[in-house]
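Student: Can you look at this prediction? I've put the sequence above it.
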Amino acid sequence: MSNPTVTVYSATWCAFCHAAKDYFDKNGVKYTDKDVEADPKFAEESVTKSGQRGIPVIEINNTIIVGFDRPKIDAALKN
């Protein structure tokens with residue numbers, strides 16, 4: 001799929017969030033960044049979708065990935 005829909009639920013202090021966003025940037029993948037610290041609504045959305053409080057939560061075409069899991073991210077981007 002050439003234009004996946006990607007959303008990253010993150011926070012400014014989260015190193016793995018930065019790593020995930022850097023990875024998308026380097027690979028030319030456009031994403032929407034939702035800062036869970038700046039907007040409690042995003043935090044709630046993240047927990048509802050992932051079932052847990054950890055970040056980053058990455059949504060790629062309705063596939064939920066918790067954490068910066070490169071193999072899962074790559075697989076979801078290919079589908």
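Tutor: Sure, I can see it. Model, not experiment: these values are computed from the prediction. Numbering: from 1, shown residues only.
Student: For burial, what's the neighbour tally of S50?
Tutor: Look at S50: counted by other CB atoms under 10 Å, it has 19 neighbours. From N, CA and C alone the C-beta is placed, and that goes for glycine too.
Student: Nearest spatial neighbour of it, chain-adjacent residues omitted?
Tutor: For S50, ignoring the flanking residues on the chain, the nearest one in space by CB to CB, 6 or more residues apart in numbering is V57 at 4.5 Å.
Student: Verify the stated contact: that neighbour with G51.
Tutor: No: judged on CB atoms under 8 Å, V57 makes no contact with G51 at a distance of 9.7 Å.
Student: Same drill for the two, tell me which one is more crowded.
Tutor: V57 (28 against 10).
Student: Distance of that one relative to V8?
Tutor: Shown here: V57 relative to V8, a distance of 8 Å by CB to CB, to the nearest Å.
Student: again with R70
Tutor: Taken as CB to CB, the span from R70 to V8 is 14 Å.
Student: Helix, strand, or coil at I65?
Tutor: Look at I65: counting by DSSP: H, G, I helix; E, B strand; the rest coil, its state is strand.
Student: still on that earlier bit, neighbour count winner among R70 and V8?
Tutor: The residue with the greater number of neighbours, taking R70 and V8 and applying other CB under 10 Å, is V8; the counts read 22 against 12.
Student: that's a helix at that one, yeah?
Tutor: No: counting by three-state DSSP, V8 is located in no helix; its state is strand.
Student: In contact with it, which residues?
Tutor: Applying CB atoms under 8 Å, 6 or more residues apart in numbering, one finds that V8 lies in contact with 17, 20-21, 24, 31-34, 56-59.
Student: And the buried ones among those residues, selectable in ChimeraX?
Tutor: Once 16 or more other CB atoms under 10 Å is used to decide burial, the buried members of those can be selected in ChimeraX as follows:
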select :17,20,21,24,31,34,56,57,58,59
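Student: Adding distance to N79 and pLDDT, write the contacts of V8 out as a markdown table.
Tutor: Conversion of those to a markdown table gives the following (distance: CB to CB, whole Å; pLDDT from 0 to 100):
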| residue | distance to N79 | pLDDT |
| --- | --- | --- |
| C17 | 23 | 98 |
| A20 | 18 | 98 |
| K21 | 21 | 98 |
| F24 | 16 | 98 |
| Y31 | 16 | 98 |
| T32 | 19 | 98 |
| D33 | 22 | 98 |
| K34 | 22 | 98 |
| P56 | 19 | 98 |
| V57 | 18 | 98 |
| I58 | 14 | 98 |
| E59 | 13 | 98 |
